[in-house]
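Engineer: Show me the folded form of this:
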Amino acid sequence: KSAGVQRQYSGTAGRIENCQLGVFLTYVSPRGRALIDRELYLPKSWTEERKRCEEAGIGADVEFATKPELAQRMLERLLDAGADIEWFTADEAYGDNPGLRSWCEQAGLNYVMAISCDHRFSTPAGKTRADELARSAGSQGWQRLSAGEGSKGHRLYDWLLLDPGVPGGQQLLVRRSISKPAELAYYICHSTYPAPIAELVRVAGSRWAVEETFQFTKNETGLDHYQVRKYEAWYRHITLSMLAAAFLTTLAHAERLRDEKGAHQHRKNS
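Structural biologist: Predicted coordinates for the structure are as follows:
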């Protein structure tokens, strides 16, 4: 009876469960991070049964949309609001979607998105899988770089940036575990200017900040602490939780600035 619920894969649970899935947009910067938009994913099992939708408060104008389409909808709202956003990052479900990538390029939005190992890049020799491109590079070109600070210090990995050689095409960024070199992750990159590998690594690593934002919002403002069935009730609870978390984030940033200013003044007077 709960809007959008069905047996489906949940990244939080790491398995298939009877659950609801939301698509979220997170803003990440050196000054703070916060969830800024949300959409409830409605599977076809819902949108194809209008009576069921009506009972859950889902309007007749709400149609099926894939998760990448929901992400694009939120990005459109963000850009329409005049937000100055330079980069977008997401996991494989979004990086593997050509429609979302094409839209980002047309909108002038740079991206670094995770992709599957079998994603095919255009090369002068034809289509080539991401893992094959990585293997063909051998041991040359790898750099050890930090993808950002974690709870145990810098997240260090070996990174490789490959240009498949097609003008105007995307680049392939490969991440390799230091302790387990066989563990590789792949990212597709596109930018309106020649971005250095350190910048691409920084963007790829910002996805950890997204997970930390979810954890903070769940723990501090009860993002997942709800018992609602109706469509609008879900949006009301989620929006209020996001707003409260954003308020706490801006408050914490203001406190840090005040502390830094006080410390600077103390050193100046000493």
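
Engineer: Dihedrals phi and psi, the closest residue to residue 186 other than its chain neighbours?
Structural biologist: Excluding its sequence neighbours, the residue lying closest to residue 186 (C-beta to C-beta, 6 or more residues apart in numbering) is residue 130, at 4.4 Å. The way it works is simple: take the backbone N, C-alpha and C, and place the C-beta from them, glycine included. Backbone torsions for residue 130, taken as degrees, to the nearest 10, come to phi -60, psi -40.

Engineer: show me what contacts residue 130?
Structural biologist: 115-121, 172, 174, 186 (C-beta atoms under 8 Å, 6 or more residues apart in numbering).

Engineer: How far does stretch 72-91 sit from its chain's centre?
Structural biologist: Its chain's average C-alpha position is 11 Å from that of stretch 72-91, according to C-alpha atoms, centre = their mean, to the nearest Å.

Engineer: Stretch 62-78 now?
Structural biologist: Counting by C-alpha atoms, centre = their mean, stretch 62-78 is centred 14 Å from the centre of its parent chain.

Engineer: Residue 21: how many residues sit nearby?
Structural biologist: Residue 21 has 19 neighbours, counted by other C-beta atoms under 10 Å.

Engineer: mind listing what it touches?
Structural biologist: 4, 8, 10, 40-41, 67.

Engineer: rerun at 6 Å
Structural biologist: Residues near residue 21 by C-beta atoms under 6 Å, 6 or more residues apart in numbering: residue 41.

Engineer: where along this protein do the helices fall?
Structural biologist: Here the chain has its helices, by DSSP state H, at 44-47, 50-55, 67-80, 92-95, 98-106, 130-136, 197-205, 207-221, 231-269.

Engineer: Now the first one: buried residues?
Structural biologist: Neighbour counts using 16 or more other C-beta atoms under 10 Å place 46-47 of helix 44-47 among the buried residues.

Engineer: What does the pLDDT read for the most centrally placed residue in the chain?
Structural biologist: When C-alpha atoms, centre = their mean is applied to the chain, the residue found nearest the centroid is residue 90 (3.3 Å). Reported pLDDT at residue 90 in the predicted model: 96.

Engineer: can you tell me how far it sits from residue 39?
Structural biologist: 14 Å (C-beta to C-beta, to the nearest Å).

Engineer: for residue 51, same thing?
Structural biologist: The gap separating residue 51 from residue 39 is 23 Å, by C-beta to C-beta.

Engineer: More neighbours: these two, which one.
Structural biologist: residue 39 (19 against 7).
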